[in-house]
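# predicted model and sequence follow; I will ask about them next.
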Amino acid sequence: MAGFIELMLERFKVYREPGYYKRFDYWWAMVIDLDRCTGCGACVTACQAENNTPVVGEEECGKGRNLSWIRIERYIEGEYPNVKVKFIPVLCPQCDRAPCEVACPVYATYHNQDGLNVQVYNRCVGTFTCATYCPYDVRRFNWFTYNKKNFLKGNGGSSTSFEPPLDQQLNPDVSVREMGVMEKCTFCIQRIRAAKDRAKDENRPIRDGEIQPACVQTCPTKALTFGDLNNPKSRIAQLAGLSTAGDLHYLRESGSKISDISSNPRTYRLLEDLNAAPTIFYLKRVMKNGSSTAGHE
Amino acid sequence: MLNRRDFLKLVGVGGAGAAAGFALGELTKTPPAKLIPYLIPPEDVIPGIANWYASACMQCSAGCGILVRVMEGRAKKIEGNPLHPINKGGLCARGQAGLQLLYNPDRIKNPLKRNGKRGKGEFEEITWEEGLSILTNNLMELRSHGEADRLYLLTSLIRGHLNFLLADFMKAYGSPNYLQYDLFQYENLRFANKIIVGQYTIPHYDIANTNFLLSFGADFVTTWISPVNYNYGYGQMRQGEGRNVRGKLVQIEPRLSLTGANADEWVPVRPGTEGVLALGIAYIILEGGYYRGGDAKLWKDALKKYNPEAVASTTEVSEDRIKQLGKEFATTKPSLAIGGETVSSYENGVSNLVAINLLNHLSGNIGKTGGVIPNPDVIKKSFNPIATIAKDASRRKIKTLILHNANPVFTTPETLKLKDALKDIPFIASLSSLHDETTALADLILPSHTYFEDWGDDFAEPTVGYSVATIMQPAVSPLFNTKGAGDVFISLAKTLGGNLQKDITWEDFGVFLRDSWKKIYERHKGDIKEANFEDFWNDLLARGGWWDAVPKASKPVRVAASEVSAHLSSEPAKFEGNDKEYPFYLILYPHLSYKDGRGANLPWLQELPDPMTSVVWGTWIEMNSKAATGMGIKEGDMLLVESPFGKITAPVYFYPGQRPDTISIPLGQGHTSYGRYADGRGANPIELLPAKTDPKTGAIPLNSTRIKITRVNAPKSFVKMEGVAKELGRNIVQTITPEEFKKMGKEA
């Protein structure tokens, strides 16, 4: 086991020499305020519409093979009437020390110059290794070419995922994946690219708030915020309580806890102890401790 | 330098061979396989560049503004319009899924004529000329027999200028029977507001600025009235910038809804007693001397029987809790009480809502920021009880029925016998984009455009304290051989002649809409200031709507205790069926994805996990596992649910957020002819309901019966996505207590 960990660290070092981040223009990150999130699921459908993720049907869903890149996890604790329900949107947090990247045998997933964890579809050979390594269960596998599979067979109907004319809705900026390919949230990289093009044409950096991934854009409660963490003045840096450039460098190099750095006591990172350095910063929900949402007695 | 277009010109000039090759290619290609079929593309088509068209969302009656992203003539994505005052850039899952309505494989592609027995679903394709002439001849014949008033027009909720056109058409034709129907039309709420706020409208509930929100069964984050606006308000109430206090939400309902799951406290009240609980809280407000009005004595007298002791025994909410709620509601400023669908759907819905509204009056929340803000008056629409249609049809009063996007057969209980009644109507024409249970009975189907292909507008109700109109423009050209409903009526008017020709003179609906907006322009109100109508119209289309952001000054309303108490009832709501035979209360609720069933044909929504149970692609029954012990029921078992009026089967989900004496079932599934994604899926719980409608408002009480359950053997169950529903110490959703949050002060 020890040897294995060393091997991984070795691979990681080759991959990231110290000070690597200084060459990066942007570091895309997201802040999700759990005190605003109601769990309504608008982001899930928005993502599906933007990213050409197929509908897989009831049977495939039953096998846990639905392809949504963002999901609302819901936890119910307690028994009637002291029930406590909590929601959390989970999408790929584009880990800075991503376990999936070092695991891929064909380098189909890598860290790009904007701090994004990127999946190269035509390089992927479908070993499933990355999904096994991902602690957040956000990688989704195409078990079939869903636009050729009749997903209503069990119900006596007939429809593929992009049954014409539904295929006319497909976003031309995003490729449609086929069988054997792993996919995951890209932070809507097509929107980032478009904004970069625009900014380049106008000879300026990307403005704060200029890019909104589909989930962030649609969120009715404005629970999700997207932006550049390299810019300490950006809205997400403010919300996450990471308001100096020093904070960010420290965060990237030291692997320390966010609670030691952030000035906002509500900021936390999901499963931080695993040390994958996710770049989605959740803001804790304000909620009565332990006992209840009820107080029936 | 030679650019691409010049190059193409050079290569293409006079090339006879090339032309012949092109023609041959055109013949052999199937149309969708063409790449760019334009020699000179239209000005708005540049490959790779998106156009955004502002329009209106028609997935429910909230009246949100949308932007449609169009590339190469095809709609790719819908986003909320950030300028729009109702949704402020956000959009719900149903709004996002609108594109699957436009590109639904089950859309009606050509006009259809019934071919075979009614209701069998056998149709033959005809041309528009033939379709329109069939309808025209029918209407001419009806009129020549002097039976013009036996034409009925039934539409979904339409509030824009199409509504005025249809009203004009029906008037000029000579029929008073223009009706609109929606299962959720909030008539009970309007009625209750008339009594307390003095207006037959829905006010703006200023959730964003309130500090204490007392919600009686209002599931405002999923479907209730204007969910995107209320969601925005909720976000602001919790963590809005510049707020020093985090607003508190208390949810009072027998079934923990998604809104309840987000609440700070849940009060699982006995079903049907919410109104009594509200009066109990009112009693505390008066007893505590928090009410400042001069008529406190009168109110005290009117409410004296709602003392905590009595209320506690009726509602099963403890005395202490009632006292604490009353005190908190009266002393936290501003506070707001809202009464939602659960409360409104009991047979005494109106009196419950009056009682809840009374709380706003007693603690002075009406007309205050963070309270109830009155909205501008709206034109009273003819919401008619759907029961009258059933009655009129069965009495053979209706000779011809024209339907437009209304599907009452699915949303009314079998016991109302609407389907049988419709079968007695000699001629039914449906102007619908998709097949549905009501259109299945039609003799003639004239397929209409979806909201992406048509002109239109919408006057939102409720708005946010001032008038908001949203414009709808064709974002894409029609996909199939369809016409807009407005265009159909205008061409009918032309061929029918007489008064109709005199009153309805426009070429098509687009022209009518523009002309109508000229009148709005001439009033020179609103925040689009332009010197001429052309510019005004362009601005209007560019930003998607018109609003007059001057909140209406609220008039003081005189609320007389004697008058109000006539509408109050100290009795809990009645449920059909005796409690020995039928041990469970039944709560039906509109589902996040399907609402009243209209979303069930969109695969994205079918695959969106239900937020509470995570079930996809089906119906389930929510039951507390405590109630199931001793009955030998396991989760996932199929249950036969029986009321005195009907029965359905569906699998059971053990839900701890459910009173043990209550069972809840979501609406929306159980379609029989609504396209491939909806048909044969789940069950329609409306079949369990009695043939009851509210005498004052025509509303169908969804929560008005008791049920019993028995386990049945069936192989099929549900599919749920939840995995492990417990955190198991992983500390995934971290929280801090309100006390800690208060100490934090202002965030960094």
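Perfect, thanks for sending it.

# please make it C-alpha for all contacts and neighbour counts, starting now.
Fine.

# what pLDDT does residue B:211 get?
If you check residue B:211, the pLDDT there is 96.

# tell me how far it lies from chain A.
Noted for residue B:211: a distance of 15 Å to chain A, by Cα to the nearest Cα, to the nearest Å.

# who's in contact with the residue nearest to that residue when sequence neighbours are not counted?
Distances taken as Cα to Cα, 6 or more residues apart in numbering or on different chains put residue B:247 closest to residue B:211, at 4.0 Å, once the chain neighbours are dropped. Contacts of residue B:247 were listed using Cα atoms under 8 Å, 6 or more residues apart in numbering or on different chains, and they are B:210, B:211, B:212, B:213, B:237, B:238.

# same thing but 10 Å
By Cα atoms under 10 Å, 6 or more residues apart in numbering or on different chains, the contact set of residue B:247 is B:207-213, B:234-240, B:264, B:332, B:334-335.

# cool, and residue B:720?
A:58, A:61-64, B:609-610, B:613-618, B:636, B:653.

# buried members of these into PyMOL, please.
Burial among the contacts of residue B:720 is assessed by 16 or more other Cα atoms under 10 Å in any protein chain shown; the matching PyMOL selection reads:
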select buried, (chain A and resi 58+61) or (chain B and resi 609+610+613+614+615+616+617+618+636+653)
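
# which ones among the contacts of residue B:720 lie within helices?
The helices, defined by DSSP state H, take in A:58, A:61, A:62 from the contacts of residue B:720.

# you'd agree the first one is up against residue B:604?
Put plainly, it is residue A:58. No. Here residue A:58 lies out of contact with residue B:604, judged by Cα atoms under 10 Å, at a distance of 11.8 Å.

# list the residues that contact the nearest residue to residue B:659 once chain neighbours are set aside.
Nearest residue to residue B:659, sequence neighbours excluded (Cα to Cα, 6+ apart): residue B:254, at 5.8 Å. Residues in contact with residue B:254 (Cα under 10 Å, 6+ apart) are B:216-217, B:260, B:266-274, B:342, B:585, B:587, B:657-664.

# among these, which ones are in strands?
Of the contacts of residue B:254, the ones assigned to strands by DSSP state E are B:216, B:266, B:267, B:585, B:587, B:662, B:663, B:664.

# neighbour count and pLDDT added to those residues, as JSON lines?
Putting the ones in strands among the contacts of residue B:254 into JSON lines (neighbours: other Cα atoms under 10 Å in any protein chain shown; pLDDT from 0 to 100) gives the following:
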{"residue": "B:216", "neighbour count": "29", "pLDDT": "96"}
{"residue": "B:266", "neighbour count": "30", "pLDDT": "95"}
{"residue": "B:267", "neighbour count": "24", "pLDDT": "95"}
{"residue": "B:585", "neighbour count": "27", "pLDDT": "95"}
{"residue": "B:587", "neighbour count": "23", "pLDDT": "95"}
{"residue": "B:662", "neighbour count": "21", "pLDDT": "95"}
{"residue": "B:663", "neighbour count": "27", "pLDDT": "96"}
{"residue": "B:664", "neighbour count": "24", "pLDDT": "96"}
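
# quick check, nearest of these to residue A:31?
Closest to residue A:31 out of the ones in strands among the contacts of residue B:254 is residue B:266 (28.2 Å), distances taken as Cα to Cα.

# the helix or strand harbouring residue A:250 near chain B at all?
Using DSSP states H and E, residue A:250 maps to helix A:245-254. No. Applying Cα under 10 Å from any Cα of the partner chain, one finds helix A:245-254 out of contact with chain B, separated by at least 13.8 Å.

# quick check: closest non-adjacent residue to residue B:443.
Of all residues not flanking residue B:443 in the chain, residue B:114 sits nearest, at 4.8 Å (Cα to Cα, 6+ apart).

# also residue B:539?
Nearest residue to residue B:539 in three dimensions, chain neighbours excluded: residue B:528, at 7.2 Å (Cα to Cα, 6+ apart).

# that neighbour and chain A: what is the separation?
Counting by Cα to the nearest Cα, the gap from residue B:528 to chain A is 26 Å.

# now do the contacts for that residue.
Applying Cα under 10 Å, 6+ apart to residue B:528 gives the contacts B:521, B:535, B:536, B:537, B:539, B:540, B:543, B:545, B:546, B:547, B:548.

# residues of the stretch 101-250 of chain A that sit close to chain B?
Counting by Cα under 10 Å from any Cα, the positions of the stretch 101-250 of chain A adjacent to chain B are A:152, A:155-159, A:161-173, A:214-223, A:237-243.

# okay, now the closest residue to chain A within the stretch 401-550 of chain B: neighbour count?
At 9.0 Å from chain A, residue B:479 is the closest residue in the stretch 401-550 of chain B, using Cα to the nearest Cα. When neighbours are defined as other Cα atoms under 10 Å in any protein chain shown, residue B:479 has 16 of them.

# before we move on, back to that, what residues of the helix holding residue A:250 count as buried?
A:247, A:248, A:251, A:252.

# how about stretch B:478-488?
B:478, B:479, B:482, B:483, B:484, B:485, B:486, B:487, B:488.

# in helices, which of these fall?
If you go by DSSP H, these have B:485, B:486, B:487, B:488 in helices.

# tell me the pLDDT at the closest residue to the second one other than its chain neighbours?
Just to be clear, that refers to residue B:486. Spatial nearest neighbour of residue B:486, excluding adjacent residues (Cα to Cα, 6+ apart): residue B:509 at 5.3 Å. Residue B:509 is assigned 95 on the pLDDT scale.

# cool, the one 5 residues further on as well?
Here the pLDDT value assigned to residue B:514 is 95.

# would you confirm that it belongs to a helix?
Yes. According to DSSP: H, G, I helix; E, B strand; the rest coil, residue B:514 belongs to a helix.

# which one is it nearest to, not counting chain neighbours?
residue B:537 (7.9 Å).

# model confidence for the one you found, exactly?
Residue-level pLDDT assigned to residue B:537 equals 95.

# is it true that it touches residue B:518?
Yes. Using Cα under 10 Å, residue B:537 is in contact with residue B:518, at 8.5 Å.

# low-confidence stretches in chain A?
Confidence mapping of chain A against pLDDT under 70 gives the ranges A:1-2, A:8-9, A:11-23, A:245-246, A:254-255, A:290-297.

# apply 80 and report the result again.
A:1-24, A:243-256, A:289-297 (pLDDT under 80).

# for the residue positioned nearest the centre of it, what are its contacts?
What sits nearest the mean C-alpha location of chain A, by Cα atoms, centre = their mean, is residue A:92, with 2.2 Å. Counting by Cα under 10 Å, 6+ apart, residue A:92 makes contact with A:69-70, A:116-117, A:134, A:136-139, A:184-187, A:278-280.

# counting neighbours, which of those residues comes out on top?
Using other Cα under 10 Å as the neighbour criterion, residue A:187 leads these with 27 neighbours.

# that one and residue A:225 touch, don't they?
No. With contacts counted by Cα under 10 Å, residue A:187 stays clear of residue A:225, the gap being 11.5 Å.

# tell me where the stretch 1-150 of chain A has helices.
Assignment of helices within the stretch 1-150 of chain A using DSSP state H, counting those that start in this stretch yields the ranges A:2-15, A:42-50, A:57-62, A:99-103, A:129-133.

# how about JSON lines for these, with distance to residue B:563 added?
What follows is the helices of the stretch 1-150 of chain A, written out as JSON lines (distance: least, Cα to Cα, whole Å):
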{"stretch": "helix A:2-15", "distance to residue B:563": "77"}
{"stretch": "helix A:42-50", "distance to residue B:563": "43"}
{"stretch": "helix A:57-62", "distance to residue B:563": "54"}
{"stretch": "helix A:99-103", "distance to residue B:563": "69"}
{"stretch": "helix A:129-133", "distance to residue B:563": "66"}
